[in-house]
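Asks: just to be clear, the model below is a prediction. Sequence and coordinates:
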Amino acid sequence: MCGTDGHNLLEIEDLSVSLRGNRILEDINLQIKRGHIHALTGPNGAGKTTLMRSLMGGMPHKGTIRFLFQESNRVGYVPQFLEFDHSVPITVFDFLFLMLKKMPVFLGRRRTVRKKIEELLAATDCSHLIDRCVGQLSGGEFRRVLLAQALSPKPELLLLDEPASNIDEVGIRHFEEMLINLKNEQGITILMVCHSMNMISRVCDAVTAVNRTIFYDGPTKGMDHADLLQQYTFL
Amino acid sequence: MDFIYDIFKNWAAQGYLPSIFEHTFMVRGLLAALIIGPLLGAVGTVVVTKKLSFFTQTIGNAAMSGVAIGLLLGEPVDGTYAGLYGFCLIVALLMTFVKNRTRLANDTIIGVVLAQVLGLGIILMIVVTSQFNIHQVEGILFGSLITLNDQDLIALTVASVIVGILFAFNFNRFMLASFNRTLAKARGLSPVFLEYLFVTLMTVVVVSSLKLIGALLVLVLIVVPAAGAQLVAPNLRWFVWLSILFSTISTASGLLLSGRLPVPSGAVIALVSSILFYGALILRPLLSRGGPNQGEI
């Protein structure tokens, strides 16, 4: 296992985001511990995805975001969806080739890259999907392929945007196992936007509930689900 | 350029090529088709993936105004390059800027700008056609082998080489940036810069092909070969190469036919391209194995 448990990997201080005069996020103070799986939850429109985008440098903000990297200095990102025409014939191999290689995919030597991509897909139990078109994958398969791309090169911090959406219960359990393995075996710290209280309580070490400001931040152990959901309701 | 034309003329005289290539304008047209055809096919794959088909039509329509502006600025009637490339690039970059600065949908922005460039184009055309040779204007609108000159061929070659290199070098990045902006940023790319770069390259290749294909029909060679390839290609590699093949066959054979028929080259190229598309549609069950377009005909 890599890294040191108990120390922060990410520190956010007084973060605020405004869009067209509307305050989306206000006074966000948050620490993500190294080696933890940390959930970010809250009602729709609460600013969770905005916070993720701020972490990726894609959103103008006030305040401080501090990454305390020790190894790769790399953040892996698993988006909720891809915005492309699903009838375009992009296979899983093509998709990962685009990520990993500079040589144009239509000129590149596929055999030499194929082995590397198969190994990458094996890490998320989906090497059998290598020749399937991305637009034809089920929600669970698609999420595992997206997770595979985020693992190369190996990240220190993994950001996941609603990984449980559009996945059936079996797929969610499989995905959860992979996240726990990544944390335990590779020491990767994970921050994920998640609406499922069951998933949060099963895999996460800590949870932060946001609705423009933080209204809950603490460990999942001993967390009162009903109380948290009630706070959702009254916000 | 004459020695190149002479080679083709000799081949035509010896029977290796159809006799129509004894005419310089046909050789020039064939060279233009063989240079721009593959590039349009390749660029079309990214256009289709990024859902920018009607963006190219707006560029084509802006060319009317571009030619007129060039003429009014004093450019020669057979070489309005500054007006043409300048105005079309301004329109393309403006559309991208508006898209990035607002939450308006792509087709809404295209609709707004298309209306503006058409209105401006019609007004400027009326002003210009009273002063200049209307055939030059028709050549831009419908494509004309007769008005394609050596200068055009050189401009088209230079533009194609530059665009081709930059396009191939950035192909993976263009594709990746079109999937998800945050993901592209996470992979160290600048999606906004890549969007401007792609739009610029696309505009240059579209404008370069106007005299061969025509402003009203340029959309055909950007979209139809890629759409045909999309139907049968099992992966991205085949998608690009089939699109290049369909586009090259369309431009070359369309050009040959237009040399024998008294019709604009662009119109024949469009029809050949459409025949290939329907051919791909019919052959799809045989050719497409595991592709995403396996639905019923």
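Replies: Sure, I can see it. Numbering: from 1, shown residues only, chains lettered A, B, ... in the order given.
Asks: ok, now how distant is the most centrally placed residue in chain A from chain B?
Replies: Geometric centre of chain A, nearest residue: residue A:160, 1.1 Å, by C-alpha atoms, centre = their mean. Plainly put, residue A:160 is 12 Å away from chain B if you go by C-beta to the nearest C-beta, to the nearest Å. To be clear about C-beta, it is placed using only N, CA and C from the backbone, and glycine gets the same treatment.
Asks: residue A:22 pairs with what?
Replies: Counting by DSSP bridges, residue A:22 is bridged to residue A:19.
Asks: ok, it - how many residues close by?
Replies: 8 (other C-beta atoms under 10 Å in any protein chain shown).
Asks: outline the domain layout of chain A.
Replies: Domain segmentation of chain A under automatic domain parsing yields A:1-74+A:154-235, A:83-152.
Asks: turn the ones you listed into CSV, including mean pLDDT.
Replies: Shown next, in CSV, are the domains of chain A (pLDDT from 0 to 100):
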stretch, mean pLDDT
domain A:1-74+A:154-235, 85
domain A:83-152, 88
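Asks: what's the most buried one of those domains?
Replies: Highest mean neighbour count among these (mean count of other C-beta atoms under 10 Å in any protein chain shown): domain A:83-152, with a mean of 19.
Asks: measure it end to end?
Replies: 21 Å (C-alpha to C-alpha, to the nearest Å).
Asks: run the chain-centre distance for that domain.
Replies: 18 Å (C-alpha atoms, centre = their mean, to the nearest Å).
Asks: so is it next to chain B?
Replies: Yes: shown here: domain A:83-152 in contact with chain B (C-beta under 8 Å from any C-beta of the partner chain) through A:83-91, A:93-94, A:97-99, A:101-107, A:110, A:131-133, A:135-136, A:150.
Asks: for chain B, what helix or strand is lowest in average pLDDT?
Replies: Least confident element among the helices and strands of chain B, by mean pLDDT, DSSP states H and E: helix B:134-142 (a mean of 68).
Asks: flag every residue of chain B that's near chain A.
Replies: Counting by C-beta under 8 Å from any C-beta, the positions of chain B adjacent to chain A are B:42, B:48-51, B:168-169, B:171-172, B:175-176, B:178-183, B:185-187, B:230, B:233-241, B:290-293.
Asks: in helices only, show me the residues you listed.
Replies: Per DSSP state H, helices hold the following members of the residues of chain B next to chain A: B:42, B:48-49, B:168-169, B:171-172, B:175-176, B:178-179, B:181-183, B:185-186, B:230, B:236-241.
Asks: and those, which are buried?
Replies: B:42, B:48-49, B:168, B:171-172, B:175-176, B:178-179, B:181-183, B:185-186, B:230, B:236-241 (16 or more other C-beta atoms under 10 Å in any protein chain shown).
Asks: report the beta-bridge partners for residue A:77.
Replies: Beta-bridge partners for residue A:77, by DSSP bridges, are residue A:159.
Asks: what residues are up against it?
Replies: Contacts for residue A:77 (C-beta atoms under 8 Å, 6 or more residues apart in numbering or on different chains) come out as A:56, A:150, A:158, A:159, A:161, B:182, B:183, B:186.
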